[in-house]
Each structure stands twice: as structure tokens, then as C-alpha cells.
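Asker: generate a structure from the sequence data that follows.
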Amino acid sequence: MAAPTVAEAPAAEAQREDGSPRFHLVVMGPDYTATHQLPSSGTLTVGRAEDAQVRIADRLASRYHARLYVGAAFAIEDLGSANGTLVRDQPVEPQQRVTVAPGETINVGSTILVIQRREPGVKASRVRPHGHFEARLIEECARAESVRGTFAVVRLHVDEGPAAARAGDLIAATLRAGDVLAAYGPNEYEVILVDSGRDASDVLVAQIVHVLAREEIKARAGLAFFPKDGASPQALVTFACAKVRGGAVDVAASDGVVVDNPGMRALYATAERAAAGNINVLILGETGAGKEILAQAIHRWSKRAGGPFVAFNCAAFSESLLDSELFGYDKGAFTGATQARPGLLESASGGTVFLDEIGEMQLASQVRLLRVLETRTVRRVGANVDRSIDVRFLAATNRDLDEEIAARRFRQDLFFRLSGMTLTIPPLRERQDEIPQLALLFLERVAGEAGQAPPAISAAAAQYLRAYAWPGNIRELKNVMERAFLLCGGAEVTPEHIETERMHKLPAGTAASAVKLAPEAPSEAATPGAPGETAETRRELERQAILDALERCAGSQTRAAELLGMPRRTFCTRLKDYNIPRPRS
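Answerer: Here you go, the predicted structure:
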């Protein structure tokens, strides 16, 4: 079937009422971003040639690579380029016109082109408070998980200057309807790009930086994508913050290790003994509690310390991509496999493989992983021969695997293979003696990156930190202290600098912060209480904590579960156990 032509596309207004161009072309190359106003009609040549109307500094682009048609609609024609042109991830046949809608990406070599509609003027600022951003991020994580979608979190740092006060208005005017813009701190902004993949997000963020630069406002941006860079609000914010600072984006490595709690000291002592052997270790704990930090410590203490440590997030890939990433593939195994590629299990030979979020792995992939654990061999996708591997397996999850096995979402035989030894990390609310040291550690790091002395933490602020339940654990504490550093301006950190909307919803002294909520089903062993406290009393405290969280979150089960630091599925099970009617929207 022939490619659609310009004449077949629906009409589009090319000009505003005042005659100025309604559309412009955003060009994002490997090292630059440019914007070209589009005429009401005509053609523009795209390429490396000096006389090209849209000149691209890209060695993968031909001198006269493509032609863009502007009129009642838009189309792109490949001019017989060496490396081709892509629209909607499909190659454009040479000398054929393919329609392009505003917002769709055109790939020319390693450069991305997007036609954007110009706004009639700067819109009224919609800069929300940080608490609104937190609530929306919780909901967006839950929504994206349920539909297996993706979205982006952006941190923007704006340099001081005469025009910096206008940055919020300019950013708001550039964002799409539905995106969320909030203030993270002085000259710091945070954005949720809803339903946005990597290419579209990169283009939009580059456009924001370009718009700010035109007003002589310098800005830096850091992006994190769900679920590849993090599957929880705290992980996404931490990743984006590290990216905007230009530092390491390895969340676990940057979190630091503070072991000053009797339970944690015993846990790390057990982990050190386990590291001496080659036994598989399963690490359990809530999101952000430090599972990857413990896995890295086991690797450092082991005889494999000289080998690679390869961390793999099982939640970040679909089943087909997970197999090709873990096991590798042979040439011709699928479209685009132009050469053989070893998987992560082969590349980690002599070292340690850390399978994070193992509870999210699909059943078919669990079967293939089980075979690897039993035979210590891998078979690449599209191959018919096995290859021996020499790796040690560590795995982690925040899910209740007993519950997952009972629901037939996780294989029991795989659980037995992975859990040669099981280590459970207590949540931060049960390690209150470590909170001040961790808070100081994070302040010292962010202050060091800014070239400043770390501020002190007031006694009232320290008490406030200890009283909070920290459902996001270490990651949440890290994010709160980084924001506190920005808000305090180098002076002493006080409660007003660390208080967030989530802390308002879960104040010290409520049942939710007093009872220790564990991911297991309610039982005497699951939630040890104070001396003389009965199991029935603990159950009533926990039931009341759930009711309080639902009330504070206006009935949102997702946000209530996040506040209490438990998976949403476990939260729904508790509602049934305690005979609490599930709220309906």
C-alpha cells in the first residue's frame, strides 16, 4: 500500500489570526537543540549541507537527507539518504511522502525532529506545591503499574539571574495539558510528564531548556523513567535529582551505609558470613529500605569482589526484552538483531548478579531463570546451544512471596532456589536511632556537591525526623534532606524545612506512626508490640491506622497504602481481613 501523501491528511491551520507562524520545528541533535519557525506553506530541505534550510550537525545524516512539506498538513520525504529516515519508528521509503502529525517524532540519523504547535502566549503559571506533586506521583506510579505504561519525572535547576522569577511561567507554557509542574525549592522545579516515553520526554525537556535559554535563563535537567529508573516515587525522585546534579545515578551506591541499630548490626553480620560462600541470597524489605546496598556489601565481602556486580531491575522490562537482556541473543533471532549479543548473565562471569524486584518477573521468564539456576547454563534467544556461566545470584523484592506463591504469580521451586539464605531488612521506622546519622550524611553529600558547608539539624527537626513513619524509607529521607538543604539556604535545618504534605497526613502520635505495619498477614509474630500488649490490641491499632490513612487520603487506597509503607495488594488484603469496606470512587 502506498504511503499517505500530504493531500490525504486532514487540514491544519498554519498561521495564527495575526499572521504569525502557528507551528515550529524542534531539532534535537546529539549535542544541541534548535528551533525553526515554519512557514504557512512550502518545503524545507533537511541535511548537513550548508544551504539546507534545516541544517543538522549529525555525521549520520546525509548532506540532503530529507524534505519537509508544510501546508494544509505536514509530510516528510526521504531523499535517498544513506542511513534512512524514521517516522513512528517505521522507515520512510525513498522518494515517498509520509504524513507527520504535530508531536510525532522524525528520526534523522541520531537527531530527532518534532513539529510543535506554538502557544498564543505565555499561559498563567500552574506551579503546584511540592505536596501536590507527591500525591500525583504516587497515583501515577500506581496507574502506570496497572496498565504497564511509562512516564517521566523531571527535576529542573534554574540558575540565579534577573529573569529566573519567570522560569515557572515559561516552563508551564511549554508543558502539555495534563503534565504536572511543582516547586521543589528555590529555583528548583519538578515535573511529571504523563504517558511520555523517552523520545518524547527528551524532546520536551530540551525544548524547555531552549525556551529558558532564549530568555537568558540557564537551566539543567534530570530525567527518570518509570519503571526503568525506578518503580516507586522515592526511587524516581532520587534518580532525577542525581541526574540534574551531574553525579552518580546509582541510587544504592549514593545512599550510603549507616549501621547503628542492633537489628541491623546482626543482619549485616549474618550477611558477611553468607558472603563467604556461594549460596544464593534472597533479600526482603520495603521499597527504599536499602536492599541493593546490602547486596553490594555481600558482593564486596565475597571472593567474587574482583568480578563485576551486575544489577538488573526485573520490573523495568517486558517479558521479551527481559529475556534478551538477561540471556542475550544470536544474530537473526528477531528483526533488528544484526549481530549476536551476550546477555547480562554471561557478561557477569566471575561476579555477582543482583535481580532486583524479582517478584515482578513474569511466569514464563521465571521458568527460564529456574533452568539457569539448576544447570548454570544460558541459552541465548534464537540459539540452540547452551553456554556455561559462573555467577552468584542475589535477589530482592518488596512483595510478600508467600502470598504471591499462593496466588500462583510466583513459582515455589524458583523461591526455594533463590532463598538459600533469606535476609529481611527492617523498615526505617524500626531503626529510629539511625535516622539522624543518615540525615546528616545526606546533608553532607548534597552540600559537598554545592561546595558549601553542611547545615546543622536543630533538635526540633531531629525529633520531627524520628517521629515520622518514613513509608518510603531511606530513599524518602534522602529526598527530604536534599530539599531541606535547598529550603534552609545553608542555615540550620528546622522542622519547616523538612515538613511535607505526606508528613501533615501522618503526624507523630497517630496510630499509623505508632504501630509497626509489616507486609505479612496479621499475626502475633508479624507485628511485635510493647511488653504485655496482646495480639488483639495490635490488630485493633493496625485497623485504626488503616482507617486513619484512608480518611487522610480521601479514600484513595493507593495513597493510603503508600503512606503506610505497604504494597497496595497487601493493603487491599488487610481491608478484607479487618472487614473494612473498600472505598469506591
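Asker: from here on, just use CA atoms for contacts and neighbour counts.
Answerer: Noted.
Asker: can you count the residues close to residue 391?
Answerer: For residue 391, the count of nearby residues is 22 (other C-alpha atoms under 10 Å).
Asker: actually residue 92, sorry about that
Answerer: Using other C-alpha under 10 Å: residue 92 sits among 22 other residues.
Asker: isn't it up against residue 83?
Answerer: No - Residue 92 is beyond contact range of residue 83, at 10.8 Å (criterion: C-alpha atoms under 8 Å).
Asker: where does pLDDT dip in the protein?
Answerer: Counting by pLDDT under 70, the chain shows low-confidence ranges at 1-21, 30-33, 118-125, 246-257, 500-535, 537-538, 565, 567, 583-585.
Asker: in space, what's closest to residue 243 - neighbours in sequence excluded?
Answerer: Excluding the flanking residues, the one nearest residue 243 by C-alpha to C-alpha, 6 or more residues apart in numbering is residue 222, at 4.6 Å.
Asker: the one you found: which element?
Answerer: Assigned by DSSP states H and E, residue 222 belongs to strand 219-226.
Asker: name the helices or strands packed onto that strand?
Answerer: Judged by 3 or more C-alpha pairs under 8 Å, 6 or more residues apart in numbering; DSSP states H and E, the packing partners of strand 219-226 are strand 151-158, helix 198-214, helix 233-245.
Asker: and the contacts of the second one?
Answerer: I take that to be helix 198-214. With C-alpha atoms under 8 Å, 6 or more residues apart in numbering as the test, helix 198-214 has contacts from 26, 28, 33-34, 105, 112, 114, 152, 167, 170-171, 174-175, 193, 218-221, 225.
Asker: show me which of these are buried.
Answerer: Buried by 16 or more other C-alpha atoms under 10 Å: 26, 28, 33-34, 105, 112, 114, 152, 167, 170-171, 174-175, 193, 218-221, 225, out of the contacts of helix 198-214.
Asker: just checking, the residue nearest to residue 243 touches residue 155?
Answerer: Yes - if you go by C-alpha under 8 Å, residue 222 and residue 155 touch, sitting 5.2 Å apart.
Asker: which residues do those two both contact?
Answerer: 240-241, 244.
Asker: tabulate these in TSV, adding columns for distance to residue 419 and neighbour count.
Answerer: Listed next are the shared contacts of residue 222 and residue 155 as TSV, based on distance: C-alpha to C-alpha, whole Å; neighbours: other C-alpha atoms under 10 Å:
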residue	distance to residue 419	neighbour count
240	33	25
241	34	26
244	37	18
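Asker: mind putting these into TSV with distance to residue 571?
Answerer: Formatted as TSV, the shared contacts of residue 222 and residue 155 follow (distance: C-alpha to C-alpha, whole Å):
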residue	distance to residue 571
240	28
241	29
244	34
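Asker: between the residues you listed, which is nearest residue 52?
Answerer: Closest approach to residue 52 among the shared contacts of residue 222 and residue 155 (C-alpha to C-alpha): residue 244, at 34.3 Å.
Asker: enumerate every residue touching the closest one.
Answerer: 155-157, 220-223.
Asker: tell me which two of the residues you listed sit farthest apart.
Answerer: Going by C-alpha to C-alpha, the pair spanning the contacts of residue 244 furthest: 157 and 223, at 12.0 Å.
Asker: can you list the buried residues in stretch 330-346?
Answerer: Residues of stretch 330-346 classed as buried: 330, 333, 340-346 (neighbour count, 16+ other C-alpha under 10 Å).
Asker: cool, stretch 260-278 as well?
Answerer: Going by neighbour count (16+ other C-alpha under 10 Å), the buried part of stretch 260-278 is 264, 267-268, 271-272, 274-275.
Asker: swap in stretch 362-371?
Answerer: By neighbour count on 16+ other C-alpha under 10 Å, the buried set for stretch 362-371 is 362, 365-366, 369-370.
Asker: reformat those as CSV; add distance to residue 323 and secondary structure.
Answerer: Shown next, in CSV, are these (distance: C-alpha to C-alpha, whole Å; DSSP: H, G, I helix; E, B strand; the rest coil):
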residue, distance to residue 323, secondary structure
362, 11, coil
365, 7, helix
366, 10, helix
369, 9, helix
370, 13, helix
